Every structure is written in structure tokens, then in C-alpha cells.
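Colleague: Make a model of this:
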Amino acid sequence: MTLEELKERIKDEIVLHEGDVAEWEWRQKGLTAEAQQLGLSPADFSRLVNQVSYAVAPDFGRISELKSRIIDTAQKQQKQLYQSDMRSFVEEADRARLSRAFVTDKWIPALLDAIPDAPPAPTPVPPSQPLNQ
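Modeller: Residues are numbered from 1 along each chain as shown. Okay, the predicted model is just below:
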């Protein structure tokens, strides 16, 4: 893994967790080990995380709006997104400096998984028959 790939993975995790990633999560994801293999100390890794966070921060408003649009669209369509939806979302995400692979392979699937399934439609009950007297 290169330093640029590490930065991209850090950014992906920051977006997936809306900026709230604990130190243990970095270890769990293997990113601290990857950083060590690149020769980064734990302090250097922490500085890199902060640097990436600051770089992503200006786009968080756009990312948050896009997230809301994705969720709203998916809820209206029973968690199904059309190709035209995906194309639009990927284009918007590109403007927020998110990679196509991240958006289509990780972010959108995570957002869809977080949407609760719609309750099943109630089974229609036939009206009761009037009593013949």
C-alpha cells in the first residue's frame, strides 16, 4: 500500500463514520498496521488522520446532503436504486472528491443496509358479509 492509498482509505472511513472514528477502529480496520509498514509511527498516523480529516471537512456539507438524497431516494424505491440514480450520485460524489469505487462498493451499500426494511403490506381482509334475515 502506498501513502496515497492509505490516505484514501482513511478518507473512506471518515466518510463512512461521519468523522467519528475511534482509535481502536483504525486498529480493527488494519490501518495502523498499514501505516507502520509504510514507516509511520503512531503519532505520524494520528497526524495523517487529522490532515485527511481537515482535507475532507470542507466537503462534509455536500457529502451530508448527498447522503440524505441517497437515503430518501432509496426509501421511496424500497431500497432499490436505478442506474440513473447511481450515475447521478456518483457524479455528485466525484464533486465531493469521493472515488467511484468507494461510493458504489462501500458507501451506498452501507447506507442501504442502514435503512430498515419496510413493513410488509397488510393482507387485505374481505369485508364481512351482511347477515341475511
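
Colleague: All the helices of the protein, in order from the start?
Modeller: For the chain, applying DSSP state H gives helices covering 3-16, 23-28, 31-37, 42-56, 60-76, 83-95, 100-102, 108-114.

Colleague: and of those, who's closest to Thr123?
Modeller: Comparison of the helices of the chain against Thr123 by CB to CB identifies helix 60-76 as nearest, at 22.7 Å. Where you see a C-beta, it was placed from the backbone N, CA and C, and this is true even at glycine.

Colleague: So for that closest one, what gets flagged as buried?
Modeller: The neighbour-count criterion (16 or more other CB atoms under 10 Å) identifies 60, 63, 66-67, 70-71, 73-74 as the buried residues of helix 60-76.

Colleague: Skipping its backbone neighbours, what lies nearest Ile10 in space?
Modeller: When the adjacent residues along the chain are set aside, Ile10 lies closest to Val52, with 4.6 Å between them (CB to CB, 6 or more residues apart in numbering).

Colleague: The one you found against Lys11, yeah?
Modeller: Yes - with contact defined as CB atoms under 8 Å, Val52 and Lys11 form a contacting pair (5.3 Å).

Colleague: quick one: contacts for the residue lying closest to Met1 once chain neighbours are set aside?
Modeller: Once flanking residues are discounted, Met1 sits nearest to Glu34: 5.2 Å by CB to CB, 6+ apart. Contacts for Glu34 were tallied using CB atoms under 8 Å, 6 or more residues apart in numbering; they are 1, 6, 9.

Colleague: Generate the PyMOL command that creates a selection of the buried members of these.
Modeller: The PyMOL selection below is limited to those of those classed as buried (16+ other CB under 10 Å):
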select buried, resi 6+9
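
Colleague: Spit out the contact partners of Leu16.
Modeller: With CB under 8 Å, 6+ apart, Leu16 has these contacts: 106-107, 110.

Colleague: how many other residues sit next to the residue nearest to Glu13 when sequence neighbours are not counted?
Modeller: Of all residues beyond its chain neighbours, the one nearest Glu13 is Val21 (5.3 Å), with distances taken as CB to CB, 6+ apart. For Val21, the count of nearby residues is 18 (other CB atoms under 10 Å).
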